[in-house]
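Visitor: Predicted model, plus sequence, below.
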Amino acid sequence: MAMNEQWHIFVFSYNRGIFLQNCLESLKHCADGIDVTIIDDNSDDESTKTILASIPEKFGFELVHPQRQGGKEKRLGGLYSNMNFALKIAKNNDKSFCIFIQDDMQFVRSIQQDDLLNMQNIFHSDEHIIQIQSCFMKAESFHAYEQGMVLHESLECYSWKGAPEGKWYFSDVGVFNIAAFEKHHNTFAIGENLNNEIAQANKTKLVQYRKPFMMWLPFPKSYLRKNTKWKTRIIEKIAGCGFYPIEIFDHQQEQALSNNPKSTYPIAEHFLKVKGLEKYKIWGFSAGIINWYARGGIRRLLALLIWRMSK
């Protein structure tokens, strides 16, 4: 079996129209030769439905709509049932590895054969490595990386040393070794925190790839349901949250990442280009006050004040 044929990319989608379009465009540009399946959790937003309808013809990707579950899983949007469904698809197609990415993320550079070989070597080096984080690292966590991560030069990855505060053993996105995951976890539980606890108890490992190829979009605008709290809307408005796609790497950026000293972390803000965010040294990648802090100036002061008052 050719190396590409052992891999499968899964995109998890729900009502994120323009973000999904951007994600798909990045995959079309960067993931040539690798099977791609979009698993949509029954989106009801019209713009998203239009994009979904265009997928087979425009992108040539597979599109599936699993049955949504009830209870707690329904409140989480069916993500973890869909992740288990993705594993079944991969297994049925004799895949060894899968890459999970969500619709508010994108690929930023092409996956090369060397990347696939590097990641396979990482997995084969230790059966307890079930996942590789293939996203860039965040400037906001730089000091945690310095204190808690160690470089494995021959394996092109970093791992956590010991059990520092803030260490994660699991992520909803990234690269999974299917056989190793099933051996140690069997299935995904409902919730990232619970999966993290299970991974810690099972002593499985999540390592960081030294040459990442995907990332969350910075300062994202969350999917706002009709009953979204007014507080969330105000926070995002003040933070300037919106749609900030990342530029696909050119040759110079590819070389910069490839030649990056192994002792230097691949920080998103140092390597990625986003129009309109050039002056910001820290980007926000999730909802909440952290986006105020990342923007700097008076917004950072307000964020610090709110955090201090909440203690």
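Guide: Arrived safely, thanks for sending.

Visitor: Check which helix or strand Phe123 maps to.
Guide: Following DSSP states H and E, one finds Phe123 within helix 113-125.

Visitor: repeat for Ala199
Guide: Under the criterion of DSSP H and E, Ala199 resides in helix 192-202.

Visitor: Identify the residues contacting Phe243.
Guide: Going by Cβ atoms under 8 Å, 6 or more residues apart in numbering, Phe243 touches 18-19, 22, 217, 220-221. Quick note: C-beta positions are derived from backbone N, CA and C, even for glycine.

Visitor: again, only using 10 Å
Guide: Each residue near Phe243 by Cβ atoms under 10 Å, 6 or more residues apart in numbering is listed here: 16-19, 21-22, 104, 217, 219-221.

Visitor: buried set for the helix holding Phe123?
Guide: 115-116, 118-120, 122-123 (16 or more other Cβ atoms under 10 Å).

Visitor: Please tell me how far that helix is from the chain's geometric centre.
Guide: Computed by Cα atoms, centre = their mean, to the nearest Å, the chain-centroid distance of helix 113-125 equals 19 Å.

Visitor: Mind listing residues that contact that helix?
Guide: 2-4, 6-7, 33-34, 96-97, 99, 109, 111-112, 129-132, 134, 152, 154-157, 159, 175-180, 205, 207, 209-213, 258.

Visitor: List only buried entries from those residues.
Guide: Counted by 16+ other Cβ under 10 Å, these give 6-7, 34, 96-97, 99, 109, 111, 129-132, 134, 152, 155-157, 159, 175-178, 180, 205, 207, 209-213 as buried.

Visitor: How is the chain divided into domains?
Guide: By the assignment in automatic domain parsing, the chain contains the domains 3-214, 220-310.

Visitor: so where do the strands sit in the stretch 151-300 of the chain?
Guide: Ranges of strands in the stretch 151-300 of the chain, per DSSP state E, counting those that start in this stretch, are 157-160, 174-177, 205-209, 214-216.

Visitor: For the ones you listed, could you give me JSON lines that also reports distance to Tyr265 and mean pLDDT?
Guide: Output for these, formatted as JSON lines (distance: least, Cβ to Cβ, whole Å; pLDDT from 0 to 100):
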{"stretch": "strand 157-160", "distance to Tyr265": "7", "mean pLDDT": "92"}
{"stretch": "strand 174-177", "distance to Tyr265": "16", "mean pLDDT": "98"}
{"stretch": "strand 205-209", "distance to Tyr265": "8", "mean pLDDT": "95"}
{"stretch": "strand 214-216", "distance to Tyr265": "14", "mean pLDDT": "98"}
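
Visitor: of all the ones you listed, which lies closest to Val64?
Guide: Set against Val64 and scored by Cβ to Cβ, the strands of the stretch 151-300 of the chain come closest in strand 174-177, at 18.2 Å.

Visitor: Looks like Ala199 contacts Trp168 (just checking).
Guide: Yes: under the criterion of Cβ atoms under 10 Å, Ala199 makes contact with Trp168 at 8.5 Å.

Visitor: okay, and the common contacts of the two?
Guide: With Cβ under 10 Å, 6+ apart, Ala199 and Trp168 have common neighbours 131, 206.

Visitor: between the two, which one's more packed in?
Guide: Neighbours per residue (other Cβ atoms under 10 Å) separate Ala199 from Trp168, with Ala199 holding more: 23 against 15.

Visitor: What is the burial count for the closest residue to the more buried one other than its chain neighbours?
Guide: Excluding its sequence neighbours, the residue lying closest to Ala199 (Cβ to Cβ, 6 or more residues apart in numbering) is Tyr169, at 3.7 Å. Tyr169 has 20 neighbours, counted by other Cβ under 10 Å.

Visitor: And the pLDDT at Tyr169?
Guide: Tyr169 carries a pLDDT value of 89.

Visitor: ok, the closest residue to Met214 other than its chain neighbours - contacts?
Guide: Spatial nearest neighbour of Met214, chain neighbours left out: Phe107 (5.0 Å); criterion: Cβ to Cβ, 6+ apart. If you count contacts by Cβ under 10 Å, 6+ apart, Phe107 has them with 9, 23, 25-31, 99, 101, 134, 212-215, 246, 248-249.

Visitor: taking those one by one, which sit in helices?
Guide: 23, 25-30 (DSSP state H).

Visitor: Buried members of these into PyMOL, please.
Guide: The following PyMOL line selects those of the ones in helices among the contacts of Phe107 that are buried, judged by 16+ other Cβ under 10 Å:
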select buried, resi 23+25+26+27+30
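
Visitor: Specify which member of the ones in helices among the contacts of Phe107 is nearest to Ser286.
Guide: Lowest distance from Ser286 to these (Cβ to Cβ) belongs to Cys23, with 17.0 Å.
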